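Asker: Return a 3D structure for these sequence lines:
(2 chains)
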Amino acid sequence: MTVTSVVPDRDAQTLVLTADYAAEPAAVWRLWSDPRLLERWWGPPAYPAAVDRHDLTPGGVVTYVMTGPDGQRFAGWWRVTAVDAPTSLAFDDGFGDVDAPADLPVTRTQVSIADRGDGTTRMVLTSRFASPEAFDQLIAMGMQEGLTEAVGQTDALLAQAGSPA
Amino acid sequence: MGHGGDEERYDRLFAALGDATRRDLLRRAAGGEHSVSALARHYAMSLTAVQKHVAVLERAGLVTRRRAGRESLVVPDPSALHDARRALDLLEELWRGRLDRFGEVLAETTAPDRPAPDRPDPDQEQP
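Answerer: Just a heads-up that it's a prediction; the model follows:
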């Protein structure tokens, strides 16, 4: 298990996840900064993400599309609010079209990456709901992604048997 | 989160949420009861078309409908729309899955005996 702790704060509607990885901070950072690597973990196996725009600078935008087994497409985006490679990143993320005013951010995410000095790197991820207005959208789309995740689990187990290309 | 037997339900949910109009309908309906005809005024489509969208949301368990006189009212399903606990659980599940995959991809890209895919690192200048 790479995830070592998950602390939900229900009052603040905030989630703090801690994960330790046997790698250098630079290697961990690369999974965020390289769109080809990012798309390998962002979307569940059954709903792979294809990252289109990818600008990790303050105010920059990341856009992606996940495609389901039946060809359904789900678009999503990030708006980067702060970045300090390779140790921190903050972004709002939402669903739909980043340029459409109706598409509010759903969650705000803060990523901290720290060298633990023993060859491992700790990544702490804080995710919270962006605003009450975004909440209904979170429920609608978060449910979708949550279910996406559940559906994807079977494929993940199957994928473990074979090795990726 | 359920397992294999719920697949049909997932399919219906996905079908319901994979459409921008239906997501918008759901957002509008989330605040309380609205008549189908009032909701329909927000869209450049026929009442019948909006009714069909509402029917898809209903089959997915996201809303229910009840009659009030001649009106058909769309009622958000509180368990689907307003359960904050569930929302945080979903967020947790989402990120757990991502971070596990993150670890798998990281292990692959850093394994000494199995080099990362042989293409240049876009972040690094080639000498």
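Asker: Could you chop chain B up by domain?
Answerer: Domain segmentation of chain B under automatic domain parsing yields B:4-76, B:81-110.
Asker: which of those is buried the deepest?
Answerer: domain B:81-110 (a mean of 19; mean count of other C-beta atoms under 10 Å in any protein chain shown). Every residue, glycine included, has its C-beta placed from N, CA and C.
Asker: hmm, back to that, format the domains of chain B as a markdown table; extra columns: mean pLDDT.
Answerer: Formatted as a markdown table, the domains of chain B follow (pLDDT from 0 to 100):
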| stretch | mean pLDDT |
| --- | --- |
| domain B:4-76 | 80 |
| domain B:81-110 | 78 |
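Asker: List the buried residues in stretch A:66-74.
Answerer: A:66, A:68, A:72, A:74 (16 or more other C-beta atoms under 10 Å in any protein chain shown).
Asker: give me the element the first one is part of.
Answerer: Spelled out, that is residue A:66. Assigned by DSSP states H and E, residue A:66 belongs to strand A:61-67.
Asker: So which other helices or strands are in contact with that strand?
Answerer: Strand A:61-67 is packed against helix A:35-42, strand A:49-54, strand A:73-84, with contacts defined by 3 or more C-beta pairs under 8 Å, 6 or more residues apart in numbering or on different chains; DSSP states H and E.
Asker: Of these, which is nearest chain B?
Answerer: Shortest distance between chain B and the helices and strands packed on strand A:61-67, using C-beta to the nearest C-beta, is found for helix A:35-42: 3.9 Å.
Asker: what bits of chain A have low per-residue confidence?
Answerer: Applying pLDDT under 70 to chain A picks out residues A:1, A:10-11, A:101-104, A:131-165.
Asker: All the strands of it, residue numbers only.
Answerer: Counting by DSSP state E, chain A has strands at residues A:3-9, A:14-21, A:49-54, A:61-67, A:73-84, A:88-95, A:105-115, A:121-129.
Asker: next one: chain B
Answerer: Per DSSP E, chain B carries strands over the ranges B:34-35, B:63-68, B:71-76.
Asker: For stretch A:115-134, list the C-alpha coordinates in CSV.
Answerer: The C-alpha coordinates for stretch A:115-134 follow below in CSV (Å, rounded to 0.1, in the frame of the first residue of the first chain):
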residue,chain,number,x,y,z
ASP,A,115,12.2,14.1,0.5
ARG,A,116,12.2,12.0,3.7
GLY,A,117,16.0,11.5,3.5
ASP,A,118,15.8,7.7,3.4
GLY,A,119,15.3,7.3,-0.3
THR,A,120,11.6,7.7,0.0
THR,A,121,9.3,10.7,-0.8
ARG,A,122,6.2,11.6,1.1
MET,A,123,3.4,13.1,-0.9
VAL,A,124,0.6,14.8,1.0
LEU,A,125,-2.6,15.7,-0.8
THR,A,126,-5.3,17.9,0.5
SER,A,127,-8.5,18.0,-1.4
ARG,A,128,-11.6,20.0,-0.5
PHE,A,129,-14.8,21.1,-2.1
ALA,A,130,-14.3,24.3,-3.8
SER,A,131,-17.6,26.1,-2.9
PRO,A,132,-21.2,25.4,-1.9
GLU,A,133,-22.2,26.2,-5.5
ALA,A,134,-19.9,23.5,-6.8
